[in-house]
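**Q** Predicted model and sequence follow; I will ask about them next.
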Amino acid sequence: MSAKKLFEVLIYALLYLLITLLWFVYAAPQMVEHGSDAALITAGFGSMVWLAATACILIYIIQKARPA
């Protein structure tokens, strides 16, 4: 793997980790504490989007790792 490709992979992994931490440590708990219907729907929808994105990333990694 070239240095450029390794750098890209590590930056994307860091970005994913940062977004995950920001969502589950900062944004989602504040929405749940707020307690309004719109905030709870947004928190649930955001968590579902995160779960779908994580599943897509895992499927992509598994498909790339399989030998052709």
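**A** On my side now, so go ahead.

**Q** For the helix or strand containing L15, give me every contacting residue.
**A** L15 is part of helix 3-21 when elements are defined by DSSP states H and E. When contacts are taken as CB atoms under 8 Å, 6 or more residues apart in numbering, the neighbours of helix 3-21 outside the stretch itself are 1, 50, 57. Where you see a C-beta, it was placed from the backbone N, CA and C, and this is true even at glycine.

**Q** Mind checking what helix or strand follows it in sequence?
**A** Downstream of helix 3-21, the next assigned helix or strand under DSSP H and E is helix 28-34.

**Q** now that next one: mean pLDDT?
**A** The average pLDDT for helix 28-34 rounds to 88.

**Q** Angles on the backbone of A38, please.
**A** Note on A38: its backbone torsions stand at phi -60, psi -40 [degrees, to the nearest 10].

**Q** Please list all residues in contact with it.
**A** Residues in contact with A38 (CB under 8 Å, 6+ apart): none are found.

**Q** Out of the helices and strands in this protein, which is least certain?
**A** Of all regular secondary-structure elements in the chain, judged by mean pLDDT, DSSP states H and E, the least confident is helix 28-34 with a mean of 88.

**Q** so how far is the helix holding L15 from its chain's centroid?
**A** Between the mean C-alpha location of helix 3-21 and the chain-wide mean there is a distance of 11 Å, by CA atoms, centre = their mean, to the nearest Å.

**Q** Extract the C-alpha set from it and format it as PDB.
**A** What follows is the C-alpha trace of helix 3-21 in PDB, where atoms were taken according to Å, rounded to 0.1, in the frame of the first residue of the first chain:
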ATOM      1  CA  ALA A   3       2.000   6.100   1.600                       C
ATOM      2  CA  LYS A   4      -0.700   8.300   0.000                       C
ATOM      3  CA  LYS A   5      -3.300   5.500   0.200                       C
ATOM      4  CA  LEU A   6      -2.400   4.700   3.800                       C
ATOM      5  CA  PHE A   7      -2.700   8.400   4.700                       C
ATOM      6  CA  GLU A   8      -6.200   8.600   3.100                       C
ATOM      7  CA  VAL A   9      -7.400   5.500   4.900                       C
ATOM      8  CA  LEU A  10      -6.100   6.800   8.300                       C
ATOM      9  CA  ILE A  11      -7.600  10.200   7.800                       C
ATOM     10  CA  TYR A  12     -11.000   8.700   6.900                       C
ATOM     11  CA  ALA A  13     -10.800   6.400   9.900                       C
ATOM     12  CA  LEU A  14     -10.000   9.400  12.100                       C
ATOM     13  CA  LEU A  15     -12.900  11.400  10.600                       C
ATOM     14  CA  TYR A  16     -15.300   8.500  11.200                       C
ATOM     15  CA  LEU A  17     -14.200   8.200  14.800                       C
ATOM     16  CA  LEU A  18     -14.500  11.900  15.400                       C
ATOM     17  CA  ILE A  19     -18.000  12.100  13.900                       C
ATOM     18  CA  THR A  20     -19.100   9.000  15.900                       C
ATOM     19  CA  LEU A  21     -17.700  10.500  19.200                       C
END
